[in-house]
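Participant: Sequence first, predicted model second:
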Amino acid sequence: EAQVTQNPRYLITVTGKKLTVTCSQNMNHEYMSWYRQDPGLGLRQIYYSMNVEVTDKGDVPEGYKVSRKEKRNFPLILESPSPNQTSLYFCASSGTPDRTDTQYFGPGTRLTVL
Amino acid sequence: AQSVTQLGSHVSVSEGALVLLRCNYSSSVPPYLFWYVQYPNQGLQLLLKYTSAATLVKGINGFEAEFKKSETSFHLTKPSAHMSDAAEYFCAVKSSYGKLTFGQGTILTVHP
């Protein structure tokens, strides 16, 4: 089954404790992206990747890091999480970044930083 | 810069009634527009997309949307609401490097 998977689905942590949220897709997609969803703000892009070893900042990159060493994986790293990073996070992928191409979303990771 | 505005953070309809969710966009280039639906505790699922081929776009689950350039709108409609349509709906515009810019979302409630 074609899908985007994320782990963990739920995470509660404390300020400053480094964490990684994994994202994997099995569709051989070139383009991958991370978004965060906050009430009343919709989804906002954190980082994106056009292909392996090619990443760039989105609209809200502060406090986050990413890497793209393999085509299928695009982990999101919070090196020193803070309470304002409490949010619902979505990974997405598409075959290309072309504007007509559909982005497929993972199930989401709900992160709480205490 | 591109942006999307969804009018109404909450919409409530009766089962069987018309569903109308409003979306207006701002874009300096021809827009590519998407509607996604999010059911509770799930990810986003594509309902339909406008990619300049036809102004009236039909999607899944009986939804459709009409692109109106003169009104900069891409409203989502469904003739008859079903209880299973209760969800949050997002309108989005896509940039040339793949970024989706989302509206604030509209929560649809369907009453029996």
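Facilitator: Great, that's in hand.
Participant: Point out the residues in chain A that sit beside chain B.
Facilitator: Those residues of chain A that sit near chain B, judged by Cβ under 8 Å from any Cβ of the partner chain, are A:4, A:31, A:33, A:35, A:40-45, A:48, A:50, A:58-59, A:90, A:92, A:94, A:96-108. (Glycine included, C-beta is placed from N, CA and C.)
Participant: mind checking pLDDT for the residue in chain A that chain B sits nearest to?
Facilitator: Here the residue of chain A nearest chain B is residue A:97; by Cβ to the nearest Cβ that distance is 3.1 Å. With respect to pLDDT, residue A:97 has a value of 85.
Participant: Contacts only, for it.
Facilitator: Counting by Cβ atoms under 8 Å, 6 or more residues apart in numbering or on different chains, residue A:97 touches A:30-31, A:48, A:50, B:96-98.
Participant: In strands only, show me the residues of chain A next to chain B.
Facilitator: Counted as lying in strands by DSSP state E, out of these, are A:4, A:31, A:33, A:35, A:42-45, A:48, A:50, A:90, A:92, A:94, A:104-105.
Participant: The contacts of residue A:97: which two are farthest apart?
Facilitator: Distance extremes for those: the farthest pair is A:30 and B:96 at 14.9 Å, using Cβ to Cβ.
Participant: Mind checking which of those two has more residues around it?
Facilitator: Of the pair residue A:30 and residue B:96, residue A:30 is the one with more neighbours under other Cβ atoms under 10 Å in any protein chain shown, namely 19 against 11.
Participant: Could you find the closest non-adjacent residue to that one?
Facilitator: residue A:51 (4.9 Å; Cβ to Cβ, 6 or more residues apart in numbering or on different chains).
Participant: could you list every residue that touches residue A:50?
Facilitator: With contact set as Cβ under 8 Å, 6+ apart, residue A:50 has these partners: A:30-31, A:56, A:97, B:97-98.
Participant: Cool, thanks, talk later.
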